[in-house]
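Got a predicted structure plus its sequence, pasted below:
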Amino acid sequence: MKVTLKVWRQKNAKAAGAFKTYTSPELNPNMSFLEMLDVLNEELSNRGEEPIAFDHDCREGICGTCALVINGTPHGPQKGVTTCQTYMRSFKDGDQLVIEPWRAGPFPIIKDLVCDRKSFDRIQQAGGFITVRTGSAPDANSLPVPKEDSDLAMDAAQCIGCGACVAACKNASAMLFVAAKVSHLGLMPQGQPERYRRVKAMVEQMDTEGFGACTVTGSCEAVCPKQISLDFIARLNRDYAVSLLK
Amino acid sequence: MNLLLRLWRSSLGKKYVMALTGIALFGFVIGHLVGNLQVFGNPDLINTYAHFLKSKPGLIWGARIGLLLMVSLHFAAAVTLTLANRAARPIPYAGGSSPGSTWKSRHAMLSGLVILAFVVYHLLHYTALISGINGTGRDFSLLKTTLSGSNDVVPDVYAMMILGFKVWWVTAFYLIAQALLFLHLGHGLASMFQSLGLRNHTWWPRISAFARAASLVIFLGYASIPIAVLVGGMGSEYAQRALAQMSVKEAK
């Protein structure tokens, strides 16, 4: 199969970007989306052209590094997967694919399809941790945790911080990311002492970074590769309201 | 004061303001609908009700000032949030955007602005009684009637509603605003629970069903009035008599 690619090319953070159209070489439908770009880049290199820069690391859907908007949908058409888990068999021979980076003010573009997601790191640093004495691991079950809570906490902890929620949201809101991080710690006993300080600090950092507000469109939930639920945003809203009263 | 300032400066805080003022405005929409539906009874019914409201200036001005405050806060929060939201994405997508979202959830600002424009028109039309904009060329403030069992001369709200909705474009604007209110509430009623954190996986389907049902009932309730007047011919004879009496007054 072959596809036509309309790819966002941008030399550096300061340069103005533009779309450039490429025709892919002959592809195997079982290639991953990133492998398809690898093959295209090889061809570009051979022709002496600058390869397309894109983010990738584990290529198995757990690191949250790959970040491409394919035809307007972050991580492409398949539900619950990252870009690296998207395969060319999801598309038809002859399709035109528009490939863009995550677009948000707090995610400035570094080059081509690579954006800078340090704003997420700063939100995490503001409070997305628990203060514990490090050392040997405590005895298992020394702190009883209800099964429902641990299940919910694990659902939230699945967030890999890729930023697809921001990329999909019409307001470039980071609420789903912050909600997941706040919830997975806030649901556990170890997270209780700093629960309200954490939510306040993380929300304030989120606002400072310039992410938009939630208008409950549900786009974030629709594209999240870990299918994190909007329920967690309600939990974030609840915890933040309590934190304001403390 | 510090708390209020912190609320206003935070994006989540502003969403709380949107939700809380939204609840108050939803309460008004229900109350106003119940009041208006009295038009389906005897003309005396709604005229007595209107007279009762007018005879309690404390109640009516309290409600008006409260509503103005709610609308102002709802509007100010919506505008400032929308501007911040737009600024958060300086370069739009070329390949489409907002996957998995509904039209009504993306266009609450648009529906809200049209509803606001309608409310301003509606107040000038039926509260301030500006005769130039009602499309009939007549002065509604001259429509008076006497309630049965008393000698009080009161505004004839019933005749005013019938004559007002006989104008096709008034009814058209009214129905457009109601359709947008239906979409606005279909999204907003559910979202206010989300913004206030009152949601989990058990309650969300119920909250969504409530939002759909309540917005539909409100739409059908409000839309039934101008349709009954314009299509069903409700109150035509009464309105003709009221107009005839009015002509006598205008001649004097």
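Nice, thanks for sending it over.

so where do the helices sit in the chain?
Reading this off chain A. A:33-46, A:118-127, A:147-157, A:164-168, A:175-186, A:195-209, A:219-223, A:231-245 (DSSP state H).

my bad, chain B
Under DSSP H, chain B gives helices at B:2-9, B:11-36, B:43-54, B:57-87, B:103-106, B:108-122, B:157-165, B:168-195, B:203-230, B:236-251.

Outside of the third one itself, list whatever touches it.
If I follow you right, that is helix B:43-54. With contact meaning Cβ atoms under 8 Å, 6 or more residues apart in numbering or on different chains, helix B:43-54 is reached by B:35-36, B:38-39, B:59-60, B:145, B:147-148, B:152, B:154-159, B:161, B:235, B:238. All C-beta atoms are positioned from the backbone trio N, CA, C, and that covers glycine.

tell me which residues in that helix are buried?
Within helix B:43-54, the residues that qualify as buried by neighbour count (16 or more other Cβ atoms under 10 Å in any protein chain shown) are B:P43, B:D44, B:I46, B:N47, B:T48, B:Y49, B:A50, B:H51.

Which residues lie in contact with A:A18 in this structure?
Counting by Cβ under 8 Å, 6+ apart, A:A18 makes contact with A:W8, A:R9, A:Q10.

Nearest to B:A251, out of these: which one, please.
Using Cβ to Cβ, A:W8 comes nearest to B:A251 of those, at 73.9 Å.

From what I see, B:D152 and B:T146 are in contact.
Yes - in terms of Cβ atoms under 8 Å, B:D152 counts as a neighbour of B:T146; the distance is 6.8 Å.

buried subset of the contacts of helix B:43-54?
B:36, B:38-39, B:145, B:154-159, B:161, B:235, B:238.

a markdown table please, covering these and showing pLDDT.
Listed next are these as a markdown table, based on pLDDT from 0 to 100:
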| residue | pLDDT |
| --- | --- |
| B:N36 | 97 |
| B:Q38 | 97 |
| B:V39 | 96 |
| B:T145 | 92 |
| B:V154 | 92 |
| B:P155 | 93 |
| B:D156 | 94 |
| B:V157 | 95 |
| B:Y158 | 96 |
| B:A159 | 95 |
| B:M161 | 96 |
| B:G235 | 92 |
| B:Y238 | 94 |
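
A:F211: which of these is nearest?
B:N36 (42.1 Å).

Looking at the stretch 151-252 of chain B, what residue ends up closest to chain A?
The stretch 151-252 of chain B approaches chain A most closely through B:G197 (2.8 Å), counting by Cβ to the nearest Cβ.

any idea how far that residue is from B:V34?
Remark: distance between B:G197 and B:V34 (Cβ to Cβ, to the nearest Å) = 30 Å.

More neighbours: the two, which one.
Neighbours were counted for B:G197 and for B:V34 using other Cβ atoms under 10 Å in any protein chain shown; B:G197 has more, 20 against 11.

Look up the pLDDT of that one for me, please.
Looking at B:G197, its pLDDT reads 96.

How about it: what's its closest non-neighbour residue?
The shortest distance from B:G197 to any non-neighbouring residue, by Cβ to Cβ, 6 or more residues apart in numbering or on different chains, is to A:R238 (2.8 Å).

How about B:D139?
B:S131 is the one closest to B:D139 (Cβ to Cβ, 6+ apart), at 4.3 Å.

what's the answer for B:K14, then?
Spatial nearest neighbour of B:K14, chain neighbours left out: B:A77 (4.5 Å); criterion: Cβ to Cβ, 6+ apart.

Contact partners for the one you found?
Counted by Cβ under 8 Å, 6+ apart, B:A77 has contacts B:K14, B:K15, B:V17, B:M18, B:T21.

What does the pLDDT read for the second one?
With respect to pLDDT, B:K15 has a value of 97.

And for stretch B:156-169, what's in contact with it?
The contact list for stretch B:156-169, computed with Cβ under 8 Å, 6+ apart, reads B:36, B:39, B:43, B:46-47, B:50, B:125-126, B:134-136, B:138, B:140, B:143-145, B:170-171, B:174, B:225-226, B:229-230, B:234-236, B:238-239, B:242-243.

Filter those down to the buried ones, ChimeraX style.
Command for ChimeraX, covering only those of the contacts of stretch B:156-169 found buried under the criterion 16+ other Cβ under 10 Å:
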select /B:36,39,43,46,47,50,125,134,135,138,140,143,145,170,171,174,225,226,229,230,234,235,238,239,242,243
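
which ones are touching B:T146?
With Cβ under 8 Å, 6+ apart as the criterion, the residues that contact B:T146 are B:D152, B:V153, B:V154.

can you rerun that using 6 Å?
The contact partners of B:T146, by Cβ atoms under 6 Å, 6 or more residues apart in numbering or on different chains, come to B:V153.

again, but for B:K144
Contacts for B:K144 (Cβ under 6 Å, 6+ apart) come out as B:V153, B:D156.

partner residues bridging it?
Beta-bridge pairing of B:K144 under DSSP bridges involves B:P155.

re earlier: how much space separates the residue of the stretch 151-252 of chain B closest to chain A from B:I218?
Using Cβ to Cβ, we find B:G197 at a distance of 25 Å from B:I218.

For A:C66, give me phi and psi.
phi -70, psi 140 (degrees, to the nearest 10).

Go ahead and confirm it touches A:C84.
Yes - judged on Cβ atoms under 6 Å, A:C66 makes contact with A:C84 at a distance of 4.7 Å.

rewinding a little: name the member of the contacts of A:A18 with the most neighbours.
Among these, A:W8 has the most neighbours (other Cβ under 10 Å), with 23 neighbours.

how much space between that one and chain B?
8 Å (Cβ to the nearest Cβ, to the nearest Å).

Next: A:S136.
From A:S136 to chain B the distance is 37 Å (Cβ to the nearest Cβ).

Tell me how many other residues crowd that residue.
5.

Run a quick neighbour tally on residue 105.
I'll assume chain A. Count around A:G105 with other Cβ under 10 Å applied: 18.

Sorry, I should have been clearer: chain B.
By other Cβ under 10 Å, 21 other residues sit near B:S105.

swap in A:G94?
Counted with other Cβ under 10 Å, residues neighbouring A:G94 total 9.

How far off centre is stretch A:187-196?
Centroid separation for stretch A:187-196 versus its chain: 24 Å, with Cα atoms, centre = their mean, to the nearest Å.

quick one: average confidence on that stretch?
When pLDDT is averaged along stretch A:187-196, the result is 94.

Give me the distance between the two termini of that stretch.
Distance across stretch A:187-196, first residue to last, is 12 Å (Cα to Cα, to the nearest Å).

That one near chain B anywhere?
No - for stretch A:187-196 and chain B, the contact criterion (Cβ under 6 Å from any Cβ of the partner chain) is not met; the two come no nearer than 12.4 Å.

Give me the pLDDT for B:Y93.
Taking B:Y93 on its own, its pLDDT is 96.

For B:N200, give me its contacts.
Residues in contact with B:N200 (Cβ under 6 Å, 6+ apart) are A:D231.

The residue lying closest to A:M175 once chain neighbours are set aside: neighbour count?
Residue nearest to A:M175 in three dimensions, not counting chain neighbours: A:C214, with 4.2 Å by Cβ to Cβ, 6+ apart. By the measure other Cβ under 10 Å, the count of residues near A:C214 is 29.

now do B:A88
By other Cβ under 10 Å, 25 other residues sit near B:A88.

is it true that it touches A:A172?
Yes - contact criterion Cβ under 6 Å: B:A88 and A:A172 qualify, at 3.8 Å.

Many thanks, have a good one.
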